[in-house]
Structures are given as C-alpha cells and as structure tokens.
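**Q** Got a predicted model here, sequence first, then my questions.
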Amino acid sequence: MTYKPIEDYGIIGNMHTAALVGIDGSIDWYCHPHFDSPSVFGAIMDHNVGGRFRIGPVRSDATQRQFYWPDTNVLVTRFLTVEGVGQVVDYMPVGVGADESGHHWLIRKVQVLRGTMRFRAECHPAFDYARAEHETVLSEQGACFHGPGLSLGLVSRLPLQVDGNAAVAEFTVEEGQTAVLALGEIGQRGACGAMLSDAEEFYLFERTVQYWRHWLSQCTYQGRWREAVQRSALVLKLLTFEPTGAIVAAPTCGLPEQVGGERNWDYRYAWIRDAAFTIYGFFRIGFTDEAAAFMRFLQQITQDRDPDHLLRVMYSVDGHSKLSEEILDHLEGYRGSQPVRIGNGAHDQLQLDIYGELMDSVYLDNKYRTPIAYDLWIKLREMVDWVCDNWRRKDEGIWEVRGGRQHFVYSKLMCWVAVDRGLRLAMKRSFPCSRDKWYTTRDEIFEEIISRGWSEDRDAFVQYFGSTALDAANLMMPLVFFLSPSDPRVLKTIDAICDPPSRGGLLSNSLVYRYNASAGVDGLSGDEGTFNMCTFWLVEAITRAGGVDPKRLDQARLMFEEMLGYANHVGLYAEETGSRGEALGNFPQAFTHLSLISAAFNLDRVLGGAD
C-alpha cells in the first residue's frame, strides 16, 4: 500500500479521540484513549510499520465513494464493483452512558446493498507510535491485542486468523446481510468478552445518529452555505474533548506543510489562540453550551501560573502545559516527510498575542452568555497588568517562529486588544482596575503600531517593526476593531496582500499565504502551501470593507465560493492547500473551520436577504 492524499480521509470520533478513515476503507490514524494519546493505527505516518485497520473488497477494481450519514459524524465508505455495491459504516458511539455497552468503542459495520461482495478485513495495531511490540491472541469472541499498558479487543463473528501480529479475515456478504467488527479496550463489555449482538449494535447506531442530529438541530444559522457551516460545526464538536471542553487544533501530528519537508508539527492540543475564535464561532450559530464548556477550560488553565508567561501557548486536553517535543525517528513520515514530531516545542514560547485572544473570548462570553465572576476578573486583571508591563518585548508571534523573536505587529495588535477588552469589561461591570495605566498603555500600543508597524515603502502594515514583508495576520485589524474596515490603511493593506507573491503580495488565485516563508523569518527550510484560515480572514476583511464598496463585496463572495471548492469530498479542510489544490498540514484543522463559520456568517449578513 502507498500513501493516500491527505484529502482522501474522513473523520469519526466520540469527543475523546478520533480516527481518520481513508476512502479505501482503511483507518490509518487512531490514538487511544484520547486525542493526544499514543497512536494505535498510524499508517498515515509510516505505511510499512505504522499500523492500520482496513476493510475493503478483495477485488482491486472497486470504485470508491465516501459520505456522512445525514447531519451526523457517522461515515459511510461505499464500494461499487461489477459484482455488487457494498459499504462500511464507521462510527464511535456517542450519546450512551459511561457504564453502557459500547462506550469508547470503534464500530465498523459492513453491508452489501446490491449483489454479493467478498471483503478482506485486516486489523494490525502498532502500539505507542509503532514503538511497542504486542501479542495477538484469538478468542471465541474475536481477537485480543496485548501491548505494554494497553490491551485492545476486536469483537466479531467473522472467522479471524492471525497473520503475523494482525487479525485478518476474508468473508462474503450478500445483499441485505451485515457483518460487524467492534474494537474496544479490554475490560469494556464486548471487548474479548460478551459478543455484541445485532440489537446492541442497532441501539448504539441509533443513539449515535440521534445524538448528532439533536446536537446539530441547535444550530441557528439559516443563511447561505448552510451545509458547509453545519459540517464545520460538526467537525468542531468532534474535536472537542468532552471531559474538559478543550478543543484540539487538529487530531493528527506530523502531517507536512510541504511534502518531504521539515514543517511537521503536533496539533493534538488546545491553543489559547483559538479561544476568541471558538467562542465567537459557537455563539454566532447558537451553540452556547460548547462556548460555555470552552470558557470553563480557559478558566481552569488560568490557575497555571508562570512568572515569565502567566499563560502557556497551548495545553493538553486535560489542561497540562508541559508538552515537550520529541522526534520519532523510527517513522519515515507521510511520504517521507521527516522529522515526525510529537509534543510541541512551541509550548513554552513567548507569544504575546494569546493574552488578547483570551481577553476577547472573555469579553464575548460576558456579552453574549453570562456575566463573568469577580474571582475570574482578579486573574484577568493580573494578566492585563502583565501585558501593560511586557508588551514592548519581542516574541515568537502567532506563527510560532523558530528563527528568533521579533516585534511582530500582530502580537502588538493583540496586546492592544487585551488592554482594550480589559477596559471595556471594567467599565461595563464597574470592576476595579488600574484605569489610568491601562488607558495610557492602550494609547501607547496604538501609536506604536501606527508609527512602527506601518511601512511607507510598502504602503501597508508589515510583519514586524522594520520589516517590508507582509503578514496575513494583520487582516485581523478591522476584525478586532483596531481600525475601521474602510480606513485607508486597512484598505491599502488588503490591496497589498491581494497582490501575487511575485509582486510581494500573498494572494495566489484566491488563496492566501500567511507570509513569505522564503524570507527566513521562521527559521525553517523549505516552503509551504497557502493557509486556509488566512483565506477566510481575507474574505471577512474584504466583506467588512465591502459594506461601502459593492465591488469588494463581489470579490469577497467569489473568493469564499472558490475556497469552498477546496474542501475535500466530505467538506473537510486541512491546515493548508498546496499548489495542485492538495491538502497539506494536519487534518482536519479546527481553526480553518472556525474561520469558515465566521466568514460565512458575516458575508451572508452583509449580502442580506435571499439571492
């Protein structure tokens, strides 16, 4: 087997972990029991030793289709051959209690809709990122895989055999028949224990479908592009760690931003930066419970005190901040992209923008959901005071560069946001604070950005003080109300970004690079694709400017429609898009789907009415 394109995957999950299911029916990525746990199936990182769980036709000439069961995260992979039509329905049960059968299972249901089809199932775990050996033992109920510290059971009525350390079976399914394989941790009912009956599987499937449909029914968005917005909402819910409310940036690690390059990171953590975008996105389309859960996670991590940072850039799904980076040099990486990293060395960087994003999220929560408590205000006040004392420092910035700290304009912008939202909260709630100090600092930051972040040579805001390079992060200026969307400096920056890279811009056929990677500011070799989130940021910035300029509004709409065409076959986006339209980077990426929701909401609102 060879590597599939990154975009050839769908995702299933249970708000604890997730799995990527290829269009060929192979689960090539799955961590157990949590998003940031070691992988059990990791063929997407190394197709030789990474491990996979594949179910597909024995025939090699099958046509493949993949789609979601309507309004759910239940994935259907369909195979069409001259002999018939078969499919694999993949899901992880949700909506069942922790003490009920099926909790934390991965269920694969094989069906034939027309004719007859012969299938082959191969379940070959590779525990601990393929670093640990395991023993495979057959039982009357299926197969048991015993690894160090973890044992999984595959429950099935199929006649399984052991092939090396894999459990395999070839079986024929006729029209109207079903075969079920369920993978779970030993100790759970059904895993190397009681057989999963047809009635139990039907119950789990029905509960799962009902759960997703009930959850999605809370969506209040009724505008254009509703299907894309709802799929994005379902993805974000899927990437939520239910016990804490954290949302992982992506369920994968090591997928390259350039095939064969070194830009391969671990995104299975919760970034503070996502906070305001998450809160805003969920509020805008009616999911207040999810916004509240994420706020509780943010309040939890504000307890973590660091004399140099106060906050960390990212946290594990359970709120820890020690995420030391490690290289898995025994894995060849996706299509030879090395190194494969787990953990993330950026966790202890200084990124000043996170304070603005946190304060903005609290401000939105206070405005749209419930007034914040005084005890939380005390912690927030300390953060704003810290920003007032530290905003002049250089940092690694939003893009987590490894080429040395700079005075990044976006970092200064979000320091301004931190102080501004602190002042707004203090005034709105009559909270005590150092008002004179905060007012003075807010004005100083504003003047510094205008005087040092603006380049007369480029006629635009630039990436960092003294630079002439552009940065798509500066598109956030009108979105956070630093300047008016129609301010000449904003419009000139948008126009500069809309130039092609050959003329110093960042736009390539309606897709946006986050910055010029070849300039060397990030300290990494190689290039990368266009950044999907930044494309949606540009759509939103042009949309807001288009309120007084119909031509710009037409441009925003066309750009948004074109961007929708880069989603994969089931509506998912990776972090980046390559030169051939291929998905690059970790997949699917929460930030991309958050920015899609925000861009769609605001563009639809400005367009107004029905077409």
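**A** Received it, and whenever you're ready, just let me know what you need. Residues are numbered from 1 along each chain as shown.
**Q** CA only for contacts and neighbour counts going forward, please
**A** Fine.
**Q** What are the buried residues along the lengthiest strand in the chain?
**A** In the chain, ranked by residue count with DSSP state E as the criterion, the top strand is strand 106-124. For strand 106-124, the neighbour count (16 or more other Cα atoms under 10 Å) marks 106-113, 116-119, 121-124 as buried.
**Q** Of all pairs in those residues, which one spans the longest distance?
**A** Every pair in the buried residues of strand 106-124 was compared (Cα to Cα); the two farthest apart turn out to be 113 and 124, at 27.3 Å.
**Q** The longest strand of the chain pairs with which strands?
**A** For strand 106-124, sheet partners with direction are given as strand 52-57 (antiparallel), strand 84-91 (antiparallel), strand 166-174 (antiparallel), strand 178-185 (antiparallel), following DSSP bridges.
**Q** Just tell me which of those ends up closest to residue 131.
**A** Taking Cα to Cα as the measure, these were each checked against residue 131, and strand 52-57 came out nearest at 14.6 Å.
**Q** per-residue confidence averaged over that closest one?
**A** Here strand 52-57 scores 98 as its mean pLDDT.
**Q** Now do that strand: distance to the chain's middle.
**A** Remark: strand 52-57 is offset 25 Å from the chain centroid, using Cα atoms, centre = their mean, to the nearest Å.
**Q** Return the alpha-carbon coordinates of it using PDB.
**A** Taking C-alpha atoms only, strand 52-57 is exported to PDB below (Å, rounded to 0.1, in the frame of the first residue of the first chain):
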ATOM      1  CA  ARG A  52      -3.900   0.100  10.200                       C
ATOM      2  CA  PHE A  53      -7.400  -1.300  10.300                       C
ATOM      3  CA  ARG A  54      -8.600  -1.800   6.800                       C
ATOM      4  CA  ILE A  55     -11.900  -3.300   5.500                       C
ATOM      5  CA  GLY A  56     -12.400  -3.300   1.800                       C
ATOM      6  CA  PRO A  57     -13.300  -5.500  -1.200                       C
END
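**Q** Pull out the buried residues from whichever helix or strand comes after it.
**A** Of the helices and strands lying after strand 52-57 in sequence (DSSP states H and E), the nearest is strand 63-68. If you call a residue buried by 16+ other Cα under 10 Å, then strand 63-68 has these buried ones: 64, 66-68.
**Q** Assumed residue 573 was part of a helix.
**A** No: under the criterion used here (DSSP: H, G, I helix; E, B strand; the rest coil), residue 573 is coil, not part of a helix.
**Q** burial of it, as a residue count?
**A** Under the neighbour criterion other Cα atoms under 10 Å, residue 573 is assigned a count of 30.
**Q** Equivalent analysis for residue 2, please.
**A** A total of 10 residues lie near residue 2 under the criterion other Cα under 10 Å.
**Q** Kindly report the same for residue 430.
**A** Residue crowding around residue 430 was assessed by other Cα under 10 Å; the count is 10.
**Q** one step back: same list as before, the strands paired with strand 106-124 that is, but in CSV and with distance to residue 523 included.
**A** Formatted as CSV, the strands paired with strand 106-124 follow (distance: least, Cα to Cα, whole Å):
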stretch, distance to residue 523
strand 52-57, 35
strand 84-91, 41
strand 166-174, 42
strand 178-185, 42
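**Q** For residue 572, which non-adjacent residue is spatially closest?
**A** Spatially, and ignoring its direct neighbours in sequence, residue 572 is nearest to residue 588 (6.0 Å; Cα to Cα, 6 or more residues apart in numbering).
**Q** Please produce a markdown table containing the buried residues of strand 63-68, extended by pLDDT and distance to residue 506.
**A** Conversion of the buried residues of strand 63-68 to a markdown table gives the following (pLDDT from 0 to 100; distance: Cα to Cα, whole Å):
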| residue | pLDDT | distance to residue 506 |
| --- | --- | --- |
| 64 | 97 | 36 |
| 66 | 98 | 34 |
| 67 | 98 | 34 |
| 68 | 98 | 34 |
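**Q** Serialize these to TSV and add fields for distance to residue 352.
**A** Written out in TSV, the entries for those read as follows (distance: Cα to Cα, whole Å):
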residue	distance to residue 352
64	47
66	42
67	41
68	40
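**Q** Pick out whichever of those sits closest to residue 84.
**A** Scanning the buried residues of strand 63-68 for proximity to residue 84, where the rule is Cα to Cα, the winner is residue 64, at 12.5 Å.
**Q** For that closest one, give its distance to residue 23.
**A** For residue 64, the distance to residue 23 (Cα to Cα, to the nearest Å) stands at 6 Å.
**Q** Now for the two: what residues contact both?
**A** Listed as contacting both residue 64 and residue 23 by Cα atoms under 8 Å, 6 or more residues apart in numbering are residue 77.
**Q** Could you look up the SS state of residue 318?
**A** For residue 318, the secondary structure call by three-state DSSP comes out as coil.
**Q** Read off the pLDDT value for the closest residue to it other than its chain neighbours.
**A** Of all residues beyond its chain neighbours, the one nearest residue 318 is residue 244 (6.3 Å), with distances taken as Cα to Cα, 6+ apart. Residue 244 carries a pLDDT score of 94 in this model.
**Q** Repeat that for residue 347.
**A** Reported pLDDT at residue 347 in the predicted model: 89.
**Q** which SS class is it?
**A** With three-state DSSP as the basis, the three-state label of residue 347 is helix.
**Q** Would you confirm that it contacts residue 314?
**A** Yes: in terms of Cα atoms under 8 Å, residue 347 counts as a neighbour of residue 314; the distance is 5.6 Å.
**Q** anything in contact with each of these two?
**A** Common neighbours of residue 347 and residue 314, using Cα under 8 Å, 6+ apart, are residue 321.
**Q** Between these two, which is the more surrounded one?
**A** When residue 347 is set against residue 314 and neighbours are counted by other Cα under 10 Å, the residue ahead is residue 314, at 28 against 22.
**Q** Now do the same contact list for the closest residue to that one other than its chain neighbours.
**A** Closest residue in space to residue 314, ignoring its immediate chain neighbours: residue 271 at 4.2 Å, by Cα to Cα, 6+ apart. When contacts are counted by Cα under 8 Å, 6+ apart, residue 271 is found next to 248-249, 313-315.
**Q** follow-up on the earlier one: from the buried residues of strand 106-124, which is closest to residue 178?
**A** For the buried residues of strand 106-124, the minimum distance to residue 178 (Cα to Cα) is 4.6 Å, reached by residue 111.
**Q** what's near enough to touch the closest one?
**A** Residues counted as contacts of residue 111 (Cα under 8 Å, 6+ apart) are 86-89, 173, 175-179.
**Q** returning to what we had before: the residue nearest to residue 314 and residue 313, how far apart?
**A** Note on residue 271: its distance to residue 313, by Cα to Cα, is 6 Å.
**Q** Over to residue 241?
**A** When Cα to Cα is the yardstick, residue 241 and residue 313 sit 18 Å from each other.
**Q** Compute the number of surrounding residues for the nearest residue to residue 126 once chain neighbours are set aside.
**A** Nearest residue to residue 126, sequence neighbours excluded (Cα to Cα, 6+ apart): residue 51, at 4.8 Å. Look at residue 51: counted by other Cα under 10 Å, it has 28 neighbours.
**Q** wait, residue 51 sits on residue 31?
**A** No: between residue 51 and residue 31 no contact is recorded; they are 11.4 Å apart, counting by Cα under 8 Å.
**Q** intersection of neighbour lists for those two?
**A** Common neighbours of residue 51 and residue 31, counting by Cα under 8 Å, 6+ apart, are 40-41.
**Q** how much distance is there from stretch 360-367 to the middle of the chain?
**A** On Cα atoms, centre = their mean, the centre of stretch 360-367 falls 22 Å from the chain's centre.
**Q** Identify all contacting residues around that stretch.
**A** When contacts are taken as Cα under 8 Å, 6+ apart, the neighbours of stretch 360-367 outside the stretch itself are 275-277, 279-280, 291-292, 295, 371-372, 417-418, 421-422, 424-425.
**Q** For PyMOL, what selects the buried ones among these?
**A** The following PyMOL selection, which keeps only the buried ones among those, applies the criterion 16+ other Cα under 10 Å:
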select buried, resi 275+276+277+279+280+291+292+295+417+418+421+422+425
